[in-house]
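Peer 1: Give me coordinates for this.
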Amino acid sequence: MRWSYNLGRSYAAAIWLFGVALLVVVMVVVGGATRLTGSGLSITQWKPISGVIPPMSAHGWAVEFANYQHIPQYKLVNRGISLGEFKTLFWWEWAHRLLGRLVGAAILIPMLVLGLMRKIPRRLIWRCGVILALVGLEGFIGWWMVASGLEARIYVAPERLATHLSLALLIFCVCLWTGLEAWFGRARTGVAADRRTVIASGLLVALVFFQIMMGALVAGNQAGRVYTDWPMMAGRFFPQDYAPKGAHPWDVFAHSVAAVQFDHRIGAYVLLAFAWAFAFALWRAPRLSGPVRGLGLVVAGLVTLQALMGIATLMGAAPLGLSMAHQLGAVAVLAGAVTLAWRIQRN
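Peer 2: Purely as a prediction, here's the structure:
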């Protein structure tokens, strides 16, 4: 029996792409832990090739520690930490960078092998090339983010953190969508969803993505440990210091602690309402298949659980375990929304 390459289906390519998507999720979670532990600036140089090897001697560790002692984070936050404490910071960041290199290798090597074996459907080859390019760009964005915290800041710039995370999640979405295309092949003829439903599914994905980016701004500003009451913020629905007097609109949007947390809260309410409204609309649509309607309810349920976890994380002042679970939950919601949008287009 011939492989179904000519039918636009390849289980091998699908498994590979789903595996890459899973690696990206692991990298995102480790990246979140790196930020939460304050480890992201512990490696002050970008060495794409040689940086894969950690210090192997006492002299090597002394050099890395000395480099770290020259940046503001050490001088203003971690002054006086021991070499052992520095190593803990270092290993988190090293693991995150190593995962980034593994993602690159996990894209490039199997793509070459599967391509030579003709196991990648022709219609998906260009998408695999886009994924590879995005992974390469993500490495540059990662260093651009780290560089923002080496001279005048004690943490990386929040907007650069959001950019870094958004690109990682874009890679995840493209891998997931392309993997689904490879697993199921070309769409069969049948009753297509109406245009409004397709647009609404895309809007749901956009809302989820935007909400995650707002969460990245909250994380980048350390805003999850401020205003830990809910549903109010220091006893008020709208925080009094949302926009500091004379502040530039961009500084308010990206750097105001009160603004980023308030915007993230409002985004959660909007997303929750939209997800359930869309789920009910899908359930009442007679032309849609049962799996589509069921998946709509699953996504709305995931959004609800994520909102509850967000409240718990906030009121607990962003403890490490809950914060990482909240970040992983965000990826689960995004995966559900992307899968739903893909399924609606095929119905």
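
Peer 1: Now do the buried residues in the strand or helix carrying residue 282.
Peer 2: In this assignment (DSSP states H and E), residue 282 forms part of helix 257-283. For helix 257-283, burial by neighbour count (16 or more other CB atoms under 10 Å) applies to 257-265, 267-268, 271-272, 274-276, 278-279, 282. (C-beta placed from N, C-alpha, C; glycine too.)

Peer 1: domains in the protein, as residue ranges please.
Peer 2: The chain breaks down into these domains under automatic domain parsing: 1-186, 190-347.

Peer 1: Tell me how far the longest one lies from the chain's centre.
Peer 2: Chain-centre distance of domain 1-186: 11 Å, with CA atoms, centre = their mean, to the nearest Å.

Peer 1: Contacts only, for the closest residue in space to residue 87 that isn't next to it in sequence.
Peer 2: Among residues not flanking residue 87 along the chain, residue 61 sits closest, at 7.0 Å (CB to CB, 6 or more residues apart in numbering). Each residue near residue 61 by CB atoms under 8 Å, 6 or more residues apart in numbering is listed here: 55, 83, 87.

Peer 1: ok, so of the residues you listed, who is nearest residue 196?
Peer 2: For those, the minimum distance to residue 196 (CB to CB) is 55.6 Å, reached by residue 87.

Peer 1: C-terminal to the helix or strand hosting that closest one, what's the next element?
Peer 2: Secondary structure assignment for residue 87, by DSSP H and E: helix 83-116. The helix or strand immediately downstream of helix 83-116 is helix 122-147, counting by DSSP H and E.

Peer 1: orientation of that following helix relative to helix 83-116 in degrees?
Peer 2: With axes from the mean of the first three to the mean of the last three CA atoms, to 10 degrees as the basis, helix 122-147 and helix 83-116 are set at 160 degrees to each other.

Peer 1: Tell me where the protein is predicted with low confidence.
Peer 2: 1-7, 188-193, 347 (pLDDT under 70).

Peer 1: What ranges does it have for its helices?
Peer 2: Along the chain, counting by DSSP state H, helices occupy 11-36, 58-68, 72-76, 83-116, 122-147, 158-184, 195-220, 249-255, 257-283, 290-315, 320-346.

Peer 1: quick one, the longest one and helix 58-68 angle?
Peer 2: Taking the same axes, to 10 degrees, helix 83-116 and helix 58-68 form an angle of 100 degrees between their directions.

Peer 1: residues of helix 83-116 that come out buried?
Peer 2: Neighbour-count burial for helix 83-116 flags 86-87, 89-100, 103-104, 106-107, 110-111, 114 (criterion: 16+ other CB under 10 Å).

Peer 1: and if you look at the fifth one?
Peer 2: By neighbour count, with 16+ other CB under 10 Å as the criterion, the buried positions of helix 122-147 are 124, 127-128, 131, 134-135, 138-139, 141-142, 145-146.

Peer 1: okay, now residue 249: neighbour count?
Peer 2: When neighbours are counted by other CB atoms under 10 Å, residue 249 registers 9.

Peer 1: mind checking how far it is from residue 255?
Peer 2: 11 Å (CB to CB, to the nearest Å).

Peer 1: shared neighbours of these two, which are they?
Peer 2: Common neighbours of residue 249 and residue 255 (CB under 8 Å, 6+ apart) do not exist.

Peer 1: can you redo the helices of the chain as a markdown table with distance to residue 44?
Peer 2: Below are the helices of the chain laid out as a markdown table (distance: least, CB to CB, whole Å):
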| stretch | distance to residue 44 |
| --- | --- |
| helix 11-36 | 14 |
| helix 58-68 | 5 |
| helix 72-76 | 10 |
| helix 83-116 | 10 |
| helix 122-147 | 8 |
| helix 158-184 | 16 |
| helix 195-220 | 19 |
| helix 249-255 | 24 |
| helix 257-283 | 27 |
| helix 290-315 | 30 |
| helix 320-346 | 24 |
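
Peer 1: Would you mind saying which of these lies nearest residue 230?
Peer 2: Residue 230 lies closest, by CB to CB, to one member of the helices of the chain: helix 290-315, at 5.4 Å.
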